[in-house]
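[1] kindly generate the corresponding structure for this input.
(6 chains)
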Protein chains: 6
Amino acid sequence: MTKHGYNSGRLNLPFVGISTFSKSPYVENWDAIDADVAVMGAPFDFGTQWRSGARFGPRGIREASTLFAFGHAGAYDHEDDVTYLEGVRMVDIGDADIIHTDTINSHANIEFGVRKILAAGALPVVLGGDHSINIPCINAFSEQEPVHVVQFDAHLDFVDERHGVRNGHGNPMRRAIEKPWVTGMTQLGIRNVSSTAKEGYDYARARGSDILSVRQVRKLGVEGMLERIPAGKRYYLTIDIDGFDPSIAPGTGTPSHGGFLYYDVLEIIAGLAKRGDIVGIDLVEVAPDYDHTGSTSILAAQILLNTIGRIFAARGK
Amino acid sequence: MTKHGYNSGRLNLPFVGISTFSKSPYVENWDAIDADVAVMGAPFDFGTQWRSGARFGPRGIREASTLFAFGHAGAYDHEDDVTYLEGVRMVDIGDADIIHTDTINSHANIEFGVRKILAAGALPVVLGGDHSINIPCINAFSEQEPVHVVQFDAHLDFVDERHGVRNGHGNPMRRAIEKPWVTGMTQLGIRNVSSTAKEGYDYARARGSDILSVRQVRKLGVEGMLERIPAGKRYYLTIDIDGFDPSIAPGTGTPSHGGFLYYDVLEIIAGLAKRGDIVGIDLVEVAPDYDHTGSTSILAAQILLNTIGRIFAARGK
Amino acid sequence: MTKHGYNSGRLNLPFVGISTFSKSPYVENWDAIDADVAVMGAPFDFGTQWRSGARFGPRGIREASTLFAFGHAGAYDHEDDVTYLEGVRMVDIGDADIIHTDTINSHANIEFGVRKILAAGALPVVLGGDHSINIPCINAFSEQEPVHVVQFDAHLDFVDERHGVRNGHGNPMRRAIEKPWVTGMTQLGIRNVSSTAKEGYDYARARGSDILSVRQVRKLGVEGMLERIPAGKRYYLTIDIDGFDPSIAPGTGTPSHGGFLYYDVLEIIAGLAKRGDIVGIDLVEVAPDYDHTGSTSILAAQILLNTIGRIFAARGK
Amino acid sequence: MTKHGYNSGRLNLPFVGISTFSKSPYVENWDAIDADVAVMGAPFDFGTQWRSGARFGPRGIREASTLFAFGHAGAYDHEDDVTYLEGVRMVDIGDADIIHTDTINSHANIEFGVRKILAAGALPVVLGGDHSINIPCINAFSEQEPVHVVQFDAHLDFVDERHGVRNGHGNPMRRAIEKPWVTGMTQLGIRNVSSTAKEGYDYARARGSDILSVRQVRKLGVEGMLERIPAGKRYYLTIDIDGFDPSIAPGTGTPSHGGFLYYDVLEIIAGLAKRGDIVGIDLVEVAPDYDHTGSTSILAAQILLNTIGRIFAARGK
Amino acid sequence: MTKHGYNSGRLNLPFVGISTFSKSPYVENWDAIDADVAVMGAPFDFGTQWRSGARFGPRGIREASTLFAFGHAGAYDHEDDVTYLEGVRMVDIGDADIIHTDTINSHANIEFGVRKILAAGALPVVLGGDHSINIPCINAFSEQEPVHVVQFDAHLDFVDERHGVRNGHGNPMRRAIEKPWVTGMTQLGIRNVSSTAKEGYDYARARGSDILSVRQVRKLGVEGMLERIPAGKRYYLTIDIDGFDPSIAPGTGTPSHGGFLYYDVLEIIAGLAKRGDIVGIDLVEVAPDYDHTGSTSILAAQILLNTIGRIFAARGK
Amino acid sequence: MTKHGYNSGRLNLPFVGISTFSKSPYVENWDAIDADVAVMGAPFDFGTQWRSGARFGPRGIREASTLFAFGHAGAYDHEDDVTYLEGVRMVDIGDADIIHTDTINSHANIEFGVRKILAAGALPVVLGGDHSINIPCINAFSEQEPVHVVQFDAHLDFVDERHGVRNGHGNPMRRAIEKPWVTGMTQLGIRNVSSTAKEGYDYARARGSDILSVRQVRKLGVEGMLERIPAGKRYYLTIDIDGFDPSIAPGTGTPSHGGFLYYDVLEIIAGLAKRGDIVGIDLVEVAPDYDHTGSTSILAAQILLNTIGRIFAARGK
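    Numbering: from 1, shown residues only, chains lettered A, B, ... in the order given. Presented below is the predicted three-dimensional model:
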């Protein structure tokens, strides 16, 4: 978070100024990233099977994130009695270039951006776009130490191929599990009638994925839940906003009732940040034009800022 | 559910094609219904006392239902490890004819349609319209074995007559209890300031109705709740979407805060489907033009498809 | 509530007629208030730091309140088996005069109205407007017996001064605690990234304020929560609608996820009404133009009517 | 218009205060109407054949009308160099009572209200509701001197009877022409695919109705148009908001492209007010819940206020 | 249009029943098309460069078209004194199959459907989807007699290739002009800042395209305009809804101010239908989720029905 | 406009990337402005008398402006056969700092920004905010050569003082005319019931202002209109978006029917740019949250880009 305070310079109310993520500095030169966290947009949505519109996700989340940019040096949480984000150097590097009608090259451009962030040693936070953008994000980790993927989602996204489609928003977890650098997978919030048929579930289980519904997660409790995730690992966190309940995340392509509420997810992430190291994040499927009240974009911004805060608190920053 | 799969023919994504309920075949000839389930719309809303618009309920629910029509042969539920709806023959017979300004004839047309479905031996699933359409639905059961009515609703709907009105959306449960073929009634979710005055409650209780608020239902738990409903009966299920909380069902005429969430209702219905036989269903008061995000229509489609799946699973299909 | 019944005169459905609060009589002459409860609008929103629009809060809440005006003499609650509001004389005195660009005089006009209500011996119920309107409301109690303030809110609102601003919607609780006639403060629902920095929290605690998050309140339970509030006092109740969760209160300036649900708040208020005497109420930050489904205004009307009912039931009316 | 000015008393900005039509005094006692103009709502919409929602028309128009209530004593028009409405005594008498499911009694209540206004010697201005409310309005003129009806509408509304329906929103002009006290009819803006079939047009023409499309009216010009309307008559003006183009009046049940723009209509009405005496007005089919921007309600309020101003200017007030 | 009348059978109000185009019979078997007109949806929108959502165009237009399906045998136009559409046999064949992420195969499926319609000897009317779906539509005419293309659009759509993209919604007219069976092109409504750069215009002119802005078309008048189009030809009509003004067609991806109004276009089409033979139609870029009032879908349905009526009137039907 | 082209680097579709005005470079340091045009936001809206929300005007207009940023080097206009904006160096300097509740200091900050732009020799283009922000804009010209003000607006904005308010959105033209460096004023589009009473008009005329309604402007024609504006002057252009018709500019605080269409205004501005030199611009009262379709923000961006293009074409750039 930027360092300007109230007592000098500008008041800079949330509705004032250019919308970068949390009003972080904009870094146009991707060879000059010097930060702890780099936020990039991946406004690709040709992978959707119902409502599209996630291409405006990065804009929507950036705008909503300014609501949390009151100009404090950090964000004080009275429950934890901690001021998060103090001293964390965050930048916004803009968006990956998207080529309409062309999935392959759009995905390649996303992968390119994530590789640049990783090369700079910053934590990549990618704003989707539909869930297919997770595919290039995971690809970009090919030269990194292995990761365990933790997914929040209503849908399993484990379709191998249908009518030739291998890179749509129903395929990313299948693509991820195929990678040697993905050591395991925890899939949370999966529920209800879905785009993945029984054989997808069977395959996921055969590959060792831990699949849990919202009700199952709640029955386990936060601690019980965390214990099922291997400790001391590097985690890649992929948050499909439709893992949340439509009551708080209506602005998405394929909402599914019976989803997570805010603290369900935050508490697991907060625990995860302490259990190992979260080394990559994407948050996908926010479609602002279906989000008439702004709640969904606000949710995305709120969970991301709190996640980043907890990651760096755990890292001792 | 139709039988086409991914591996042959068309991909048929949810947003593709004519909107019938869950993309079931459309049967225009009501003397040629040959199915396990027949879905009919009853787009009548002159019975409303606040916002109207439930006339577009059938269209809204049909459209939303296509989101759950991914072309699988059935819907796999990983929590139950069951593929529901496999082999269930479902048709959509379109809508009852509605005559504007004329409640009597519109209701008669709805009754006519339900009688046709019953004559064909199919399970009638009626998409309202306002809750007054329950009146002709119940009428259509006059030649059937008796039923116990289970209602999810914020409102008691037990008004006898006011200013001559006996067939509005505040009257259906009063009309139902008068029928010899209605043996009892369980009313769930009733809460708050309502259109029914104290004398309506007194009369309902005198007639043996079991009235429970959302908080009372939750305190009982699913099992405790089910035990209050007579076992081994034929149940008629009437779901007023405003029984659900406005957070997930804002698209309705008279929302009332403090309502049910998704699993509150699904779990009771799932239990009910095992406790006896659900022989008729109406789902009412979805008003799509107040449902800007589509959540309410999606909820209606999701609960109906899961209900139908569980009914036929219990019947051994 | 007005006394007309169904059996005589008009049916007066909720959508019929001029919108005063709960269809109460409109009293234009503020020297002729003769009632138990007087409702006044304070449509001021220049104090907002993100989305404005709370100026239309009084109109929105009045319209929504007609949904609960079915013409019964009182509101029967089947859970409590009590008919609330029977015999309670309620009036709507319209709005305080607002001067655009001029915070000082707008606030003075609000204070003037509350003083008129208090002089008439009625319970003031003020419909905001943004939370800054709490400042003149509290000012108006300067000649009354002391009060303990109970606040429902996502935000602490304890900023002293920034860039010269002392009367915005981030300042009211700081202003209140400075008053000799405010003996204490209970702040419920406070959570997350906020406009108040750590020093605001420190000051609030130093002044004896009891600050609790939603999770902390739920852990305490209703009884445990009530015990932390001094018994037998006069309470001033200030409800920022953003204390509620965005799922049920999206129509507000600065929504914050993880908020209260309906019964969380109603049960505390119901207990508070018995624990002492609620002598003043404001409900703020409803911004109807962000409330596309009407849920937020309905929530405001529903909580206010139930609050007023419980206050007068406790007073033996 | 009320007489308070800026220099004394209150500023009374448009968003402040109870919503009566143009902030006119509310007269609850219909035997005590003492005014030049009396505005009444007729929130009936069971006569619609597509989208309903006109029941909220009176509320929507009242709210929008406050935008034009800046507290001036009259409305200065710089093009005409006239201050309209100065000294015109206008009251709002609230709404006729509506009985859901009951067209006959609802219409009777509307007729009752218009008769009260006529008995008081005031100009009745009725806010619909759907166009069927024109039927009781015209009925109420049975004891008055004859009128020539001037209609702005996309639809002819000349259906006699279909499936027994004689009082829906497709029937009013047929009903009107049957009345002995209706001496003729001018129907403007009629266009396109419509609910009235060819035989309706034939009948209308046979009864002497002058039917003109938007293009035909524009080709005639204002003067040419006016000359086709009998001079020196008493006119009853019925404005279906869908006579206007959907670009400015989207908030209605059955929009039809190619409609009138604002000055098309205002200039004809202004001429009509000079050509004879406008003695009754209804404005129907405003459905605020389809009017997301408020334009349609604003249009209704704007055209009504300017119409009333021109009527009384012509009468020498 | 279906033949049922009011006097027998059902009233079938517009809001009642399954949504096919104008309530035409649905023909699922594409080898059994027996009709004068066959309507097909092409819900493809990966070709968009700004807002997507045109995938829901076919659903939106079908729903809106029911507003014009009052059950008359044809549509009487009082200006022309003609009953259009009487006896025209129209069917709806559903949608082409769309493969997400795959432009090539989606386009191939669209081409396949149009070829089926042409093989059946029916007039193809294709509901987009984005303007790229014009590419497979034109391809399907390869075995037909040559056509002259008439386009209504804000944008020239003459981009050859950029970053490898040749089949997006900025390319169709460039693709069309390359076809031997396209003999010429008239491009109407082109205006303002556009996706096509100067070189695209130069190339179009070089290929003989006649490019006219809205202002230029109006200056020519309908007759003058028609004279620039070669007479006695077979015309392929492609209507991008953004050729219309945003005031009546806001529900589209890339609105551009200063566009055509309803009669501007209808009158040219009516003339064109008489000047030669319109043998194929697509209407594209309707994005219903940006069309909050429904005006855009209504416009699409209204212009299509009137176009079809005029084509068959010209053909002597 | 930035210079990147399609053939190298990125495609940069409109929906991709950070939202600055027309994707111009963002210049944070106001002492380092080096450009022909500098765009600044002035998100102040406490001066409104009806709907607020213009504080989000700068964000809305910036986002919409990206629709016109296709990466061409300039914007080719086929009617004029000119490529506008080629070589014009445009920057976005972000927003003036706004202090909630504090009109004086917020206005001072706006004035400060405009002075910085003028000091840098760039053309200031200020995005409101409500019309009161014209006051500090005009103030900032105190050291410049005199200007003639040309205003497009529905309202005269000539109120001197009411209840002490001198700097609200009803006052700016009165404030402007008081300045010695304002040599005259042309007020276009003024119409209807307004916030300015007759005495305001009298005063404006006495000060030499030329007040014309939409109808009067159209009757004069573009040339006739231009001739009434003194030639060869420096013009300050203030565009209140409500000067346009609500059909294309619904997203504003106080819409007024009967307004300008797009080319009405563009053609006058194009003429003005040739008649003298436009040296300052503000565009105010865009309230994106009332602009559900985005049309209003798109209009604002479209008119501004075309205005800037024509100014620099006239200057020979």
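[2] going forward, measure contacts and count neighbours with C-alpha atoms only.
    Fine.
[3] low-confidence stretches in chain A?
    Scanning chain A for pLDDT under 70 picks out A:1-8, A:71-73.
[4] just give me the longest helix of it.
    helix A:295-314 (DSSP state H).
[5] and that one, what's buried?
    A:295-314 (16 or more other CA atoms under 10 Å in any protein chain shown).
[6] so how far is E:Phe21 from the closest residue to chain D within the stretch 101-250 of chain A?
    Chain D sits closest to A:Pro250 of the stretch 101-250 of chain A, with a gap of 19.2 Å, by CA to the nearest CA. Counting by CA to CA, to the nearest Å, the gap from A:Pro250 to E:Phe21 is 29 Å.
[7] check A:Gly243 too.
    Distance from A:Gly243 to E:Phe21, by CA to CA: 36 Å.
[8] ok, the two, which is more surrounded?
    E:Phe21 (33 against 27; other CA atoms under 10 Å in any protein chain shown).
[9] tell me who's in contact with that one.
    E:Phe21 is in contact with E:39, E:61-63, E:65-66, E:91-92, counting by CA atoms under 8 Å, 6 or more residues apart in numbering or on different chains.
[10] one more time with 6 Å
    E:62, E:65 (CA atoms under 6 Å, 6 or more residues apart in numbering or on different chains).
[11] tell me the contacts of the residue nearest to A:Pro25 when sequence neighbours are not counted?
    Spatial nearest neighbour of A:Pro25, excluding adjacent residues (CA to CA, 6 or more residues apart in numbering or on different chains): A:Val91 at 5.2 Å. Taking CA under 6 Å, 6+ apart, we find A:Val91 in contact with A:24-25, A:38.
[12] likewise A:Ala249?
    Per CA under 6 Å, 6+ apart, neighbours of A:Ala249: A:Thr296.
[13] from A:Val286, how far off is it?
    For A:Ala249, the distance to A:Val286 - CA to CA - is 8 Å.
[14] same question, A:Ile93
    The value you get for A:Ile93 to A:Val286, if CA to CA is used, is 19 Å.
[15] between these two, tell me which one has more neighbours.
    A direct count of neighbours by other CA under 10 Å for A:Ile93 and A:Val286 places A:Val286 higher, at 35 against 25.
[16] shouldn't the more buried one be in contact with A:Pro250?
    No: assessed by CA atoms under 6 Å, A:Val286 is found out of contact with A:Pro250, at 8.9 Å.
[17] where exactly do the strands run in the stretch 51-200 of chain A?
    Per DSSP state E, counting those that start in this stretch, the stretch 51-200 of chain A carries strands over the ranges A:75-77, A:82-84, A:90-95, A:123-128, A:147-152, A:182-188.
[18] so how far is chain D from A:Thr307?
    36 Å (CA to the nearest CA, to the nearest Å).
[19] that residue and chain E: what is the separation?
    A:Thr307 is 30 Å from chain E, by CA to the nearest CA.
[20] one more: A:Leu123?
    From A:Leu123 over to chain E the distance is 29 Å, taken as CA to the nearest CA.
[21] run a quick neighbour tally on that residue.
    21.
[22] that one is in contact with A:Met40, isn't it?
    No: using CA under 6 Å, A:Leu123 makes no contact with A:Met40, being 10.6 Å away.
[23] what helix or strand does A:Arg215 sit in?
    Under DSSP states H and E, the secondary-structure element containing A:Arg215 is helix A:214-227.
[24] helices and strands around the longest helix of chain A, which ones?
    Applying 3 or more CA pairs under 6 Å, 6 or more residues apart in numbering or on different chains; DSSP states H and E, we find helix A:295-314 packed against helix A:57-65.
[25] residue contacts, A:Tyr26?
    Contacts for A:Tyr26 (CA under 6 Å, 6+ apart) come out as A:92-93.
[26] one more: A:Val265?
    For A:Val265, the contact set (CA under 6 Å, 6+ apart) is empty.
[27] where exactly do the helices run in the stretch 51-200 of chain A?
    With helices called from DSSP state H, counting those that start in this stretch, the stretch 51-200 of chain A shows them at A:57-65, A:103-119, A:134-139, A:172-177, A:198-206.
[28] to D:Phe158, which of these lies closest?
    Nearest to D:Phe158 among the helices of the stretch 51-200 of chain A is helix A:57-65; the distance by CA to CA comes to 49.6 Å.
[29] do that closest one and chain F meet?
    No: using CA under 6 Å from any CA of the partner chain, helix A:57-65 stays clear of chain F, with a minimum separation of 7.5 Å.
[30] quick one: contacts of that helix?
    Contacting residues not belonging to helix A:57-65 are listed as A:19-22, A:41, A:127-128, A:286-288, A:297-298, A:301 [CA under 6 Å, 6+ apart].
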